[in-house]
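>>> quick one, what's the 3D model for this:
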Amino acid sequence: MPSKTDDKKRIQVVMDKQLSDDVNGILSDLGLNPSIVMNALYHRIEAEGKIPFDFSLTDEERANHHLASTIRSLNIPVIKDKKKAEKFLFGDDDEE
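Residues are numbered from 1 along each chain as shown. A predicted model of the protein is given here:
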């Protein structure tokens, strides 16, 4: 007699660790786990014949994308500390 696990299939997904941790915390608060959510998603896809939600960007995501794209195209440097910010804004101290 086949066991219940014989008709199951494991699906593995590579995902950003921080995203996974954040979502797993929310799922736990809801009394859910990733397997329950993935099974529910697959059932909806099967029933509807499509992904049951929209993959388009929100207005805020579109604006952020446009801003990031503009910054990249202008070659604006990424400044990570106060000294570099001052040098970028005010020039080299040695020139005074």
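>>> I'd like the mean pLDDT over the helix or strand harbouring residue 67, please.
Assessed by DSSP states H and E, residue 67 sits inside helix 59-73. Averaging pLDDT along helix 59-73 gives 93.
>>> same deal with stretch 88-96?
Stretch 88-96 comes out at a mean pLDDT of 69.
>>> which of the three states applies to residue 86?
The three-state label given to residue 86 by DSSP: H, G, I helix; E, B strand; the rest coil is helix.
>>> residues touching residue 74, list them.
Listed by CB atoms under 8 Å, 6 or more residues apart in numbering, residue 74 has no contact partners. Quick note: C-beta positions are derived from backbone N, CA and C, even for glycine.
>>> next, give phi and psi for it.
Dihedral angles phi and psi of residue 74 (degrees, to the nearest 10) take the values phi -90, psi 0.
>>> CA atoms of stretch 58-69 as CSV?
Provided in CSV are the C-alpha atoms of stretch 58-69 (Å, rounded to 0.1, in the frame of the first residue of the first chain):
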residue,chain,number,x,y,z
THR,A,58,2.5,50.0,-7.9
ASP,A,59,2.7,53.7,-8.5
GLU,A,60,5.4,54.0,-5.8
GLU,A,61,7.4,51.1,-7.2
ARG,A,62,7.3,52.7,-10.7
ALA,A,63,8.4,56.0,-9.3
ASN,A,64,11.3,54.4,-7.3
HIS,A,65,12.3,52.4,-10.4
HIS,A,66,12.3,55.6,-12.5
LEU,A,67,14.3,57.5,-9.9
ALA,A,68,16.9,54.6,-9.6
SER,A,69,17.2,54.4,-13.3
